[in-house]
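Colleague: pasted the sequence and its predicted model underneath.
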Protein chains: 2
Amino acid sequence: MEVIKAKRSSLVEQVALQIETFIESGTWPVGSRIPPEMELMEQFGVSRNTLREAVRALVHAGLLQTKQGIGTYVRAKTVLGASFQKRLETSTLLETLEVRHALEREAAWLAAERHTGEELNHIQKCLHECKEAADLHSFAEADIALHHAIVKASHNRILMDLYARLADELHASVHDLTDMNGDPDIDPGAHEELVKAIGARQPEKAAAIVSKDIARLKEMAGQEEKE
Amino acid sequence: MEVIKAKRSSLVEQVALQIETFIESGTWPVGSRIPPEMELMEQFGVSRNTLREAVRALVHAGLLQTKQGIGTYVRAKTVLGASFQKRLETSTLLETLEVRHALEREAAWLAAERHTGEELNHIQKCLHECKEAADLHSFAEADIALHHAIVKASHNRILMDLYARLADELHASVHDLTDMNGDPDIDPGAHEELVKAIGARQPEKAAAIVSKDIARLKEMAGQEEKE
DNA sequence: TTTTAAAATTTGTAGGATGATTGGTTAACC
DNA sequence: GGTTAACCAATCATCCTACAAATTTTAAAA
């Protein structure tokens, strides 16, 4: 792991970007503990202050998390994803659902236009796991995986970045919604129609199904706020 | 400007968040130069290292920009906005237009549902300025202002955050497109229809007009890539 | 008056020191 | 044998001092 020193930008910026690269590339995956400060100082060939400024930048961005006495952990894969999630934490559920609608509708449309055979297979596998889910927890996970697969099939990296964090944030919210309402109100038929429309390359139909699905969630959210 | 010291989080994090607050609240507006390090150290009551880590976090986030020998300047108003713009800089024009479509379509729909009389007046004023634009530059600025007004009328803060940066990034791209094609291909009729649909509280119609508008831009972008 | 050099201001980087936190280990006590 | 307290090592958090580098301002020289 030889670190190249460029001259254009500050040392701190260079180190921060390189750490980001290690994270995005998967060298330091989410959840892993990166080397301690003393080691990083040696690897990057900078003083501790410079190293700390770089690490702190990424801590603030939500990419890393430091634990005194223990070490530094990777919390997120991309800066945009982390800051988006931070933003979602201070937003209302309605705002979040509306943005989800915007992103999912566009993703479904593009997936219908662009998916590969392999991607469609993966989408169909996720659909199958939704149907086979034994409990609410399994269903929620399969549901998220399905939506991720669809966004991936859109071949739009920005959508993927934004959606990765949106899905995590919504995971708990929707989970709470269905818990409190008691009746899970699962509509697997909508998922089946969505996947069918995407497979048949019908973007308008896919988009309409997404709109209908989110509208139902917004209604549930509205009822929740009235209680 | 008395700074309160809480105990829960690290000093660096507290200072960084306070600086962010000063920026978001407009105390330090975009483009302005914030006080030098020595002053900030005294104001926040921390050491220079602690202050630098906080400032560096915001520099990396794109909110601040430091110039050696001169000072530190405010570059953006929100972290999400800054990181989104950073992401857009490494994205293709097609990806950007697709995300723009997702956000603008949702914003137009919500604006049709939720606008206030005051907001509609402002939207109509922006439309008027589009029509009265003497040259391409003026039109582009009025165009951006119109879309900003529509997104604001959606009453969704996330959309506003994301769109603020998206508009800036697209400003140059669309400008380049129209420059290179020679023929500006301005369609003021679409803007008029859009504003009419929003005013008449017809969300479906507003959304369809946005889709049509972006589709035209995507076509132009496609032709550009073929040259 | 103009040009050059020095000084001042401000950020960038390095090194040293102490404090605080966390997890693991060991010893003492019940 | 189980529990609790003390101790230690590892690691991050904060502070201080010093010098370097870049830019602007001021003073001196031509």
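Modeller: In hand now; what should we look at?
Colleague: give me the domain ranges for chain A.
Modeller: A:11-77, A:80-226 (automatic domain parsing).
Colleague: for the shortest one, measure first residue to last.
Modeller: Yep, that's domain A:11-77 we're talking about. Using Cα to Cα, to the nearest Å, one end of domain A:11-77 lies 22 Å from the other.
Colleague: and the domains of chain A as a markdown table, adding distance to residue B:140?
Modeller: All C-beta atoms are positioned from the backbone trio N, CA, C, and that covers glycine. Listed next are those as a markdown table, based on distance: least, Cβ to Cβ, whole Å:
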| stretch | distance to residue B:140 |
| --- | --- |
| domain A:11-77 | 32 |
| domain A:80-226 | 22 |
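Colleague: so which residue is dead centre in chain A?
Modeller: residue A:164 (1.3 Å; Cα atoms, centre = their mean).
Colleague: mind checking which helix or strand the residue lying closest to it once chain neighbours are set aside is in?
Modeller: Nearest non-adjacent residue to residue A:164, counting by Cβ to Cβ, 6 or more residues apart in numbering or on different chains: residue A:81, 5.1 Å away. Take DSSP states H and E as the rule and residue A:81 turns out to sit in helix A:79-89.
Colleague: can you state the direction angle for the helix or strand following that helix and helix A:79-89?
Modeller: Using DSSP H and E, the next helix or strand after helix A:79-89 towards the C-terminus is helix A:93-114. Orientation check (axes from the mean of the first three to the mean of the last three Cα atoms, to 10 degrees): helix A:93-114 against helix A:79-89 gives 140 degrees.
Colleague: how far off helix A:93-114 does the following helix or strand past helix A:93-114 point, in degrees?
Modeller: Toward the C-terminus, helix A:93-114 is succeeded by helix A:117-131 as the next helix or strand (DSSP H and E). Per the same axes, to 10 degrees, the angle that helix A:117-131 makes with helix A:93-114 is 140 degrees.
Colleague: what does helix A:117-131 rub up against?
Modeller: A:111, A:115, A:138-139, A:142-143, A:145-146, A:149-150, A:152-153, A:188, A:191-192, A:195, A:198-199 (Cβ atoms under 8 Å, 6 or more residues apart in numbering or on different chains).
Colleague: near chain B, which residues of chain A show up?
Modeller: Near chain B, the residues belonging to chain A are A:12-13, A:16, A:49, A:52-54, A:56-61, A:79-80, A:83-84, A:86-88, A:91, A:95-96, A:98-99, A:101-103, A:105-106, A:110, A:154, A:156-159, A:161-162 when assessed by Cβ under 8 Å from any Cβ of the partner chain.
Colleague: next secondary structure after the least confident helix or strand in chain A by mean pLDDT?
Modeller: The weakest-scoring helix or strand in chain A, judged by mean pLDDT, DSSP states H and E, is helix A:157-181 (a mean of 69). Counting by DSSP H and E, the next helix or strand C-terminal to helix A:157-181 is helix A:188-199.
Colleague: residues in contact with that next one: which ones?
Modeller: Against helix A:188-199 from outside (Cβ under 8 Å, 6+ apart): A:108, A:111-112, A:115, A:120, A:123-124, A:127, A:130-131, A:143, A:146, A:150, A:153, A:203, A:205-206, A:209-210, A:212-213.
Colleague: and whatever helix or strand comes next after it with helix A:93-114, angle?
Modeller: Following helix A:188-199 in sequence order, the next helix or strand is helix A:203-226 (DSSP H and E). For helix A:203-226 against helix A:93-114, the angle by the same axes, to 10 degrees is 170 degrees.
Colleague: now for helix A:203-226, which elements pack on it?
Modeller: On a contact count with 3 or more Cβ pairs under 8 Å, 6 or more residues apart in numbering or on different chains; DSSP states H and E, helix A:203-226 meets helix A:93-114, helix A:157-181, helix A:188-199.
Colleague: to residue B:33, which of these lies closest?
Modeller: Each of the helices and strands packed on helix A:203-226 was scored for nearness to residue B:33 using Cβ to Cβ, and the closest is helix A:157-181 (32.0 Å).
Colleague: what's near enough to touch residue A:30?
Modeller: For residue A:30, the contact set (Cβ under 8 Å, 6+ apart) comprises A:23, A:74-77.
Colleague: list just the nearest of those to DNA strand D.
Modeller: Nearest to DNA strand D, judged by Cβ to the nearest atom of the strand, of the contacts of residue A:30 is residue A:74 at 12.1 Å.
Colleague: quickly list what the closest one is bridged to.
Modeller: Beta-bridge partners for residue A:74, by DSSP bridges, are residue A:64.
Colleague: and it, what does it touch?
Modeller: For residue A:74, the contacting residues are A:23, A:28-34, A:63-65, by Cβ under 8 Å, 6+ apart.
Colleague: quick check on these: which are buried?
Modeller: By neighbour count, with 16 or more other Cβ atoms under 10 Å in any protein chain shown, these hold A:23, A:28, A:34, A:63-64 as buried.
Colleague: that older thread, dump the contacts of residue A:74 to a markdown table, plus secondary structure.
Modeller: Listed next are the contacts of residue A:74 as a markdown table, based on DSSP: H, G, I helix; E, B strand; the rest coil:
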| residue | secondary structure |
| --- | --- |
| A:23 | helix |
| A:28 | coil |
| A:29 | coil |
| A:30 | coil |
| A:31 | coil |
| A:32 | coil |
| A:33 | strand |
| A:34 | strand |
| A:63 | coil |
| A:64 | strand |
| A:65 | strand |
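Colleague: just name the closest of those to chain B, please.
Modeller: residue A:63 (9.9 Å; Cβ to the nearest Cβ).
Colleague: test my guess that the closest one contacts residue A:83.
Modeller: No. Taking Cβ atoms under 8 Å as the definition, residue A:63 is not a contact partner of residue A:83, at 9.4 Å.
Colleague: low-confidence ranges, chain A, go.
Modeller: Along chain A, segments meeting pLDDT under 70 span A:1-8, A:168-188, A:223-227.
Colleague: again, only using 80
Modeller: Applying pLDDT under 80 to chain A flags the ranges A:1-8, A:89, A:134-137, A:139-140, A:165-189, A:220-227.
Colleague: just say helix, strand or coil for the residue of it found nearest DNA strand C.
Modeller: Relative to DNA strand C, the nearest point of chain A is residue A:69 (2.1 Å; Cβ to the nearest atom of the strand). Look at residue A:69: counting by three-state DSSP, its state is coil.
Colleague: that one: how many residues sit nearby?
Modeller: Residue A:69 has 4 neighbours, counted by other Cβ atoms under 10 Å in any protein chain shown.
Colleague: ok, now how distant is it from residue A:55?
Modeller: According to Cβ to Cβ, to the nearest Å, residue A:69 stands 16 Å off from residue A:55.
Colleague: picking that back up, what's the closest of the helices and strands packed on helix A:203-226 to DNA strand D?
Modeller: Comparing these against DNA strand D with Cβ to the nearest atom of the strand, the closest turns out to be helix A:157-181 (23.1 Å).
Colleague: many thanks, we can stop here.
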